[in-house]
Structures are given as structure tokens and as C-alpha cells.
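Visitor: Model the following, please.
(one chain, ligands or ions: 1)
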Amino acid sequence: MSSKNEKIALDIESYLKEHENKDMLRFLTCGSVDDGKSTLIGRMLYDSKMIFDDQLSAAQSESEKYGTTGEKLDMALLVDGLQSEREQGITIDVAYRFFATEKRKFIIADTPGHEQYTRNMVTGASTADVAIILIDARKGILTQTRRHSFIVNLLGIEHVIVAINKMDLVDFSEDVFNEIKQAYSDLANELGIKNTYYIPLSALDGDNVVDKSEKTPWYDGKPLLNLLDTMDISKEIKEENFRLPVQYVNRPNLNFRGFCGTIASGNVKAGDEITVLPSGKTTKVKNIINAGDITEANRSAICNEAYAPMAVTITTEDEIDISRGDMIVHTKNMPRVSNSLKVMLVWMDESSMQVGKTYDIKRATSAMPGVFEHINYKVDVNTYERTQVKKLELNDIASCKMVLTRPIAADKYKENHETGSFIVVDRVTNNTVGAGMIVDVAKREEDSDVKAHREYTKAEKELNRYIRENFPEWNCKTI
Ligand SMILES: Nc1nc2c(ncn2[C@@H]2O[C@H](COP(=O)(O)OP(=O)(O)OP(=O)(O)O)[C@@H](O)[C@H]2O)c(=O)[nH]1
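Guide: Numbering: from 1, shown residues only. This next block holds a predicted model:
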């Protein structure tokens, strides 16, 4: 990266500016042991000149000593630091790597492929726009391919690049490529994966990684890096799906009250009619203030429109109670409000998940206790078979019924990743023990346990109603 180094040394400002304006694509790499994942990542870093000179010479000398590639530089050694960590069990987390081309910035989430690391793959996949699934051309689709594809689909990644690697070992055979392509497209159909792209590769020799290979004249698609550079991953901005989870109520003095948060989806304009959930109070947006502008001096620096993922403060026409954890939405397009949700849950802790035990459920800016009342079924991530179980163990994925102590404004994950996902926290250890996605929102359940134990007088019921209507921030239960 010497020419880049020069630019960094001479004109760091313009170098940074150049990067700032590029758009970002996050992708996940999944493969079975020895499919060539490290080699491919190493090749992309190398070819995009993101390897430091000292890293390169270290890899060159190690390559001569330990490399598995004869004369050639073993690209896998360029990502070896991570691997040795993994072998020693120091980290089983996701490793994020960064590189950039002229057009885009990339973050690679490199996750371990073994079944015992399913939770790590879920973590890496949760923010990815694209998944690259590596397949060894000699082996075709393996159990691991099915598992990785299931998780990629579960996490709602809409673009899957099937990298059919080691084509050099099958003489760059078009037939082998087509067979694997057909088998994977059957799998994609079974799962409902929308956009698939197939590339014949040799990560080792660099065929179809950066440049189109002469050895695959029958392939009319783009090489991998070019595909990553140009694929359209923009999501439709739906104005009607405006969601602002309230993070903080900014009340510096009696004259100002603003509601701060990062817009999870959609957009909002001054004057829009909004509803605060779960209370259901309605008002209009008075002003929208950009996060950067909230200082005493320019609190009046307002904008007319804001959209995801901007961090904003909004003020309202009427004085209504809004508190952290509430969701501000457009009145004309409200999500369902309920405390009873059908969810897909990934269990991430050594201690098993107990039905009926109370956990803290954190979703966007809200947090409340909740229980998993019932496990509908557990999915075998390799065969997609469903089984009945009484509890969940580490890495299990299951459909469950989750009941919260308070209702929330809930979107389905497939419609909104931000507001449709949650984490599960153990109330004693404070560990994150699970992650989940809302599949469906049921009708709100009454708090049967409270009802069962006490009969309330009319006066008590009226008082309860008064408190709920006038003090929604107390999160009072309905009696
Ligand atoms: N012939 C050939 N060999 C390859 C290719 N890609 C990778 N290899 C070789 O396959 C072996 C495994 O490659 P890695 O990149 O370490 O595989 P991996 O998937 O990262 O493996 P793990 O790190 O163990 O998960 C190494 O010996 C590579 O040199 C390829 O396109 N062609």
C-alpha cells in the first residue's frame, strides 16, 4: 500500500474525505473448514492493497516455512492472527475486517463456521447486507452449507453470493459449476432466499476474484470484487414506516422538551401527525432538530425532514408524556401493540433457557421483564426438522411464545430489523443469553396472574384508568 501510504502522509485530509463519501457494504463470509475462506479474504485484502508492507513480508516468509501453497504466497496467512486466536480458544467472537475499493468501503464479518459457533455467526450476520457462502467445487453442498444458509435467511440477509471455490481443482468445469448452482438454487427456494449470485472462483490463484478469469470463458457474470462494488443493496425507504424509539427526554429548562433517538426506519416531517406507543397519545411534530445542533446557542437550528438512520430530537405541538422506551410513529401507520409475541429465539448461553423463567427483554430503547411461555418447536439447523423440546441449550434456535410484563409497539423482523429484534438478558448474571426476532404479534394478553389474585373495586379501576391515561410513563398495568 505504498502509494496509499504516500497519500496518507502527504494529504491525510483529502484521503479521509475520499473515504468518508463512499458508501458502506457489510458482508459475512461463511464456509466449512478448508473451503478457502481465509484464502479468499486474504486475496481480497491483498488485491485491494489493504495489507501493510510488514504484514506482507511476514506472510511471505511464513509462507515459505509453513504455507500450504508451494511457491505461491499463502493468502490464508494474511488472516492468520485471527485463526491462531481461534485455535487457542481466546476468542470465539466475530472478527471484523475492513477494506475499501475506489467505489465502496467494506466490512467483512468473519465468523467461525462450526456448529458450536452458531451464536457467533448469528451476531456477525445480524448487521450484514450480503453473505458470501463458500462451497468447495469438489465437495458441493454440505451440511454446513445448509446450516449457514438457514442462519443467513433467518437473519434476513437478502443477498447471497455463492462462491464456488477451488475451481482449479475441477479443471474449471462448467458442468460442475452448473450442478452446484442448480443444487443451491433448490436450497435457496426451499428457504425463500431472494437474491442469489453464483461465481466460479479460485481464491488461491485469484480467478474471478478481482479480474475476470480467462479460464472460465463460459461464465458471463462479474468477478467477486466487482459484484460487491456494484450490487444494489439499498432498501426502499418507506415513509409510512416511520419509527423513532425514544432514547432520552431532553428537558434542560421549562421552555424546552425534546425527544431524542435514532430513527429506526422511515422519515418524518415537521407537522406530521404522530402517535406515541404504547400509550396511544397523538400530537404533531413541531420541530426536528439534528443531534449535532443541540446546544444552547442553536437549539433553534431545525430541519424540516429527517430519515433513518439520523439521530434527532423532536419537539411536539402538545405537552404529552413521552418517556424512554416509547416509540413515536406516524398515526396513519401504526404497528401493533402487544405483550404477546411469537418469536424466533437463538439461545446463546451455556445455561439453558427455562420456560417460565423471567428474563429482561431489551428491544431498541425499551427494556422490560418477560417470559418464554412456550416453545413451539426447535429447528435442526442442518436438516430444518422441527422437534418438540422443553428447554433450549446453547446455539439452539426455536420458535417460542414470549409474553412481556408490558405491551410494546412491535414490528415483525422481516418488516423492520431494528424494531423487530431483541436481546434476552439474564437478570442475575446480566449476561446476554439470547437474541430473537419477532415473527408475529398476537392480541394483547391480560395480566392473568394479577387478575386471578385480586378483585378490584370500581374506584380502584377508575384510579387505574386515570393513571394509565395521564401518567403513561409509570407503565401502569391494566386491571
Ligand atoms: N487449489 C486450491 N486450493 C485452495 C483454494 N483456496 C484455498 N485453497 C487451499 O485450501 C486450504 C484451506 O484454505 P483456507 O483458506 O485455510 O481455508 P478456510 O476455509 O479458511 O479454513 P479454516 O480456516 O480451517 O476454516 C489451503 O491449503 C488453501 O491454500 C483454491 O481456490 N484452489
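Visitor: how about the lengthiest helix in the chain: buried residues?
Guide: With residue count as the measure and DSSP state H as the assignment, the chain has helix 174-191 as its longest helix. Buried positions in helix 174-191, judged by neighbour count with 16 or more other C-beta atoms under 10 Å: 176-177, 180-181, 184, 187-188, 191. In this view, the C-beta of every residue, glycine as well, is placed from N, C-alpha and C.
Visitor: Could you pick out the one among those with the lowest pLDDT?
Guide: Minimum pLDDT for the buried residues of helix 174-191 is recorded at Leu191 (91).
Visitor: pretty sure that one contacts His148?
Guide: No - with contact defined as C-beta atoms under 8 Å, Leu191 does not count as touching His148 (11.0 Å).
Visitor: just to revisit the earlier point, nearest to Lys477 among the buried residues of helix 174-191?
Guide: Leu191 (40.2 Å; C-beta to C-beta).
Visitor: Toward the C-terminus, what is the element adjacent to the lowest-mean-pLDDT helix or strand in the chain?
Guide: Ranked by mean pLDDT, DSSP states H and E, the helix or strand of the chain with the weakest confidence is helix 448-453, at a mean of 42. Using DSSP states H and E, the helix or strand that directly follows helix 448-453 along the chain is helix 458-470.
Visitor: Can you give the contact residues for that following helix?
Guide: Counting by C-beta atoms under 8 Å, 6 or more residues apart in numbering, the neighbours of helix 458-470 from elsewhere in the structure are 279, 321, 456, 474, 476, 478-479.
Visitor: ok so, going back, and the helix or strand just after the longest helix of the chain, does that touch the ligand?
Guide: Proceeding N to C from helix 174-191, the next assigned helix or strand is strand 195-200, under DSSP H and E. No - for strand 195-200 and the ligand, the contact criterion (C-beta under 6 Å from any ligand atom) is not met; the two come no nearer than 10.1 Å.
Visitor: and strand 195-200, which residues are buried?
Guide: For strand 195-200, by 16+ other C-beta under 10 Å, it's 196-200.
Visitor: Return the per-residue confidence for Lys401.
Guide: What the model reports for Lys401 is a pLDDT of 94.
Visitor: Just to check, it is in contact with Leu345?
Guide: No - the pair Lys401 and Leu345 fails to qualify as a contact (C-beta under 8 Å) at a distance of 10.2 Å.
Visitor: what do the two both touch?
Guide: Taking C-beta under 8 Å, 6+ apart as the criterion, Lys401 and Leu345 both touch Phe372.
Visitor: okay, those two: which has more neighbours?
Guide: Neighbours of Lys401 and Leu345, each counted by other C-beta atoms under 10 Å, are more numerous for Leu345; the result is 22 against 18.
Visitor: Tell me the bridge partners for that one.
Guide: Beta-bridge partners recorded for Leu345 (DSSP bridges): Ala398, Gly436.
Visitor: which ones are touching it?
Guide: For Leu345, the residues meeting the contact criterion (C-beta under 8 Å, 6+ apart) are 353, 372, 392, 397-400, 402, 424, 434-436.
Visitor: Then Arg26?
Guide: 106-107, 109, 127-130.
Visitor: With pLDDT and neighbour count added, can I get these in TSV?
Guide: As requested, the contacts of Arg26 are exported to TSV (pLDDT from 0 to 100; neighbours: other C-beta atoms under 10 Å):
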residue	pLDDT	neighbour count
Phe106	87	22
Ile107	87	17
Ala109	85	22
Thr127	83	15
Ala128	89	23
Asp129	90	18
Val130	94	22
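Visitor: Narrow the residues you listed to those in strands?
Guide: 106-107, 109, 130 (DSSP state E).
Visitor: And these, which is closest to the ligand?
Guide: Set against the ligand, the nearest of the ones in strands among the contacts of Arg26 by C-beta to the nearest ligand atom is Ala109 (14.4 Å).
Visitor: so the closest one makes contact with Tyr96?
Guide: Yes - Ala109 is in contact with Tyr96 according to C-beta under 8 Å; the separation is 5.8 Å.
Visitor: In stretch 403-420, which residues are buried?
Guide: Neighbour counts using 16+ other C-beta under 10 Å place 403-404, 406-413, 416-420 of stretch 403-420 among the buried residues.
Visitor: Mark which of those are part of strands, please.
Guide: When the buried residues of stretch 403-420 are checked against strands using DSSP E, the ones located there are 403-404, 406-410.
Visitor: farthest pair in these?
Guide: Across those, the longest distance by C-beta to C-beta is 16.1 Å; it joins Val403 and Ala409.
Visitor: re the thing from before, filter the ones in strands among the buried residues of stretch 403-420 down to the ones close to the ligand.
Guide: Within these, nothing lies near the ligand by C-beta under 6 Å from any ligand atom.
Visitor: isn't Met121 right next to His114, touching?
Guide: No - Met121 is not in contact with His114 according to C-beta under 8 Å; the separation is 9.2 Å.
Visitor: Tell me the buried residues within the contacts of Leu345.
Guide: 353, 372, 392, 397-400, 402, 424, 434-436.
Visitor: Columns distance to the ligand on top of those residues, output as JSON lines?
Guide: Converted to JSON lines, the buried ones among the contacts of Leu345 look like this (distance: C-beta to the nearest ligand atom, whole Å):
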{"residue": "Met353", "distance to the ligand": "29"}
{"residue": "Phe372", "distance to the ligand": "34"}
{"residue": "Leu392", "distance to the ligand": "27"}
{"residue": "Ile397", "distance to the ligand": "22"}
{"residue": "Ala398", "distance to the ligand": "27"}
{"residue": "Ser399", "distance to the ligand": "30"}
{"residue": "Cys400", "distance to the ligand": "32"}
{"residue": "Met402", "distance to the ligand": "35"}
{"residue": "Val424", "distance to the ligand": "29"}
{"residue": "Gly434", "distance to the ligand": "26"}
{"residue": "Ala435", "distance to the ligand": "24"}
{"residue": "Gly436", "distance to the ligand": "28"}
